[in-house]
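> test case, fold it:
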Amino acid sequence: MSVHPGVRELLRAGGVLVLSGAGLSTESGIPDYRGPTGTQRRHAPMTYQAFTGSPQARRRYWARSYLGWRQIADAQPNDGHRAVTSLQRDGSVDAIITQNVDGLHQAAGAQDVIELHGGLDRIVCLECGRRETRSDVDARLRAANPGFDAAVLVVNPDGDAEVSDDRLDEFVPVSCLFCGSDLIKPDVVFFGESVPRPRVDACFALVEDASSLLVLGSSLTVMSGLRFVRRAAACDIPVAIVNQGPTRADDLAAVKVEAPLGAFLSSLAVSHSPLAQQGSHASQ
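You can find the predicted model right below:
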């Protein structure tokens, strides 16, 4: 696949900050919300207010999340994730802000990743603040729910499975291993909950220090990611967007490419490999 010259030039300058979204993980089998693999949710996403206000809401959320976690845990980094890591290792990409909660950038070996919305691989207690690994909590859920199953229709990028509702009320949640509270949740930002301010400030600092911002697989529909593109544009930092479909920031982009991310980023990484650069210099 040919690489857009505008994107190539930004990478050649170095100092690139990547902002990734759900579209980067679709080739790992995790559907996007709004892109070509996106699906319409049967129920609204769980809000922080509903989760903390209702034991029944927590029970039904945990039943769906318990089933959805299988697909998230089994997902592997795809060519796009590996290409971003390659670009970081060769010095083109400095840091990564991801809106995803699947941990696939880190699984591909990327460094300096800020998980804007947290990570599904951790569980936090809202009472005592202690954290457990998702695998440990999952083992306790398995023990508390032997044989529990339900038809999974699709797993959303936040790990919340769309399932048939007939058995959700029989699911048995578990409590915090340290204080016994039932107010435990994945260490991710729910709808109605704010990203911690220090994390937002760290992201803004990365934007302001970047030579350019490369958006990968995000429609930028919500302000959570869009604000960083707007900050880059306000600072006259070039923005390149690679996404299948329109985004809310197309008018702010110096470069917009519609292409499958795996193939596009792989070509980009190959063209910027040290061997490719040596070959380019030798031919001049």
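> so Leu19: helix, strand or coil?
Leu19 falls in the strand class when you classify it by DSSP: H, G, I helix; E, B strand; the rest coil.
> swap in Val174?
Strictly by three-state DSSP, Val174 counts as coil.
> now the helix or strand hosting Gln106, how far from the centre of its chain.
Applying DSSP states H and E as the criterion places Gln106 in helix 104-107. Taking the mean of its C-alpha atoms, helix 104-107 sits 10 Å from the chain's own mean (Cα atoms, centre = their mean, to the nearest Å).
> ok, the closest residue to Leu17 other than its chain neighbours - how many residues close by?
Leaving aside its sequence neighbours, Leu17 sits nearest to Ala210 (Cβ to Cβ, 6 or more residues apart in numbering; 3.8 Å). For the C-beta atoms, the positions are set from N, CA and C on the backbone; glycine is no exception. By other Cβ atoms under 10 Å, 24 other residues sit near Ala210.
> ok, longest helix in this structure?
For the chain, the longest helix by residue count, based on DSSP state H, is helix 55-74.
> now do the contacts for Asp102.
By Cβ atoms under 8 Å, 6 or more residues apart in numbering, the contact list for Asp102 reads Ser25, Ser28, Ile30, Ile72, Ala75, Leu120, Pro157, Gly159.
> 6 Å instead?
Residues counted as contacts of Asp102 (Cβ atoms under 6 Å, 6 or more residues apart in numbering) are Ser25, Ile72.
> same check, this time on Leu120
Contact analysis of Leu120 by Cβ under 6 Å, 6+ apart lists Ile72, Val101, Gly159, Pro186.
> 10 Å - rerun?
Leu120 makes contact with 65, 68-69, 72-73, 100-103, 134, 157-160, 186-188 under the criterion Cβ atoms under 10 Å, 6 or more residues apart in numbering.
> returning to that earlier point: now the residue nearest to Leu17: how far from Asp236?
Distance of Ala210 to Asp236, given as Cβ to Cβ, to the nearest Å: 12 Å.
> quick one: average confidence on stretch 129-138?
Mean pLDDT, stretch 129-138: 97.
> return the set of buried residues in that stretch.
Buried residues in stretch 129-138, counted by 16 or more other Cβ atoms under 10 Å: Glu132, Arg134, Val137, Asp138.
> for the last one, which non-adjacent residue is closest in space?
Distances taken as Cβ to Cβ, 6+ apart place Trp69 nearest to Asp138, at 6.2 Å, with adjacent residues excluded.
> just checking, what packs against the longest helix of the chain?
On a contact count with 3 or more Cβ pairs under 10 Å, 6 or more residues apart in numbering; DSSP states H and E, helix 55-74 meets helix 48-53, strand 118-125, helix 134-144, strand 152-155, strand 161-163, strand 184-188.
> thought Ala57 was touching Ala50?
Yes - in this structure, Ala57 is within contact of Ala50 by Cβ atoms under 10 Å, at 4.7 Å.
> who's more crowded, these two?
A side-by-side neighbour count of Ala57 and Ala50, using other Cβ under 10 Å, places Ala50 first with 18 against 15.
> show me what contacts the more buried one?
Going by Cβ under 10 Å, 6+ apart, Ala50 touches Ala44, Gln56, Ala57, Arg58, Arg60, Tyr61, Phe190, Phe191, Gly192.
> quick check, nearest of these to Ser267?
Using Cβ to Cβ, Phe191 comes nearest to Ser267 of the contacts of Ala50, at 36.0 Å.
> now do the contacts for that closest one.
So Phe191 contacts Ala44, Pro45, Met46, Thr47, Tyr48, Gln49, Ala50, Phe51, Asp158, Val222 (Cβ under 10 Å, 6+ apart).
> give me the average confidence score over the helix holding Gln106.
Averaging pLDDT along helix 104-107 gives 98.
> can I get the CA coordinates of that helix in CSV?
Output of helix 104-107 as CSV, limited to C-alpha atoms (Å, rounded to 0.1, in the frame of the first residue of the first chain):
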residue,chain,number,x,y,z
LEU,A,104,-2.9,-4.0,22.9
HIS,A,105,-0.3,-1.2,22.4
GLN,A,106,1.6,-2.4,25.4
ALA,A,107,1.2,-6.0,24.4
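> so which bits of that helix are buried?
For helix 104-107, burial by neighbour count (16+ other Cβ under 10 Å) applies to Leu104, His105, Gln106, Ala107.
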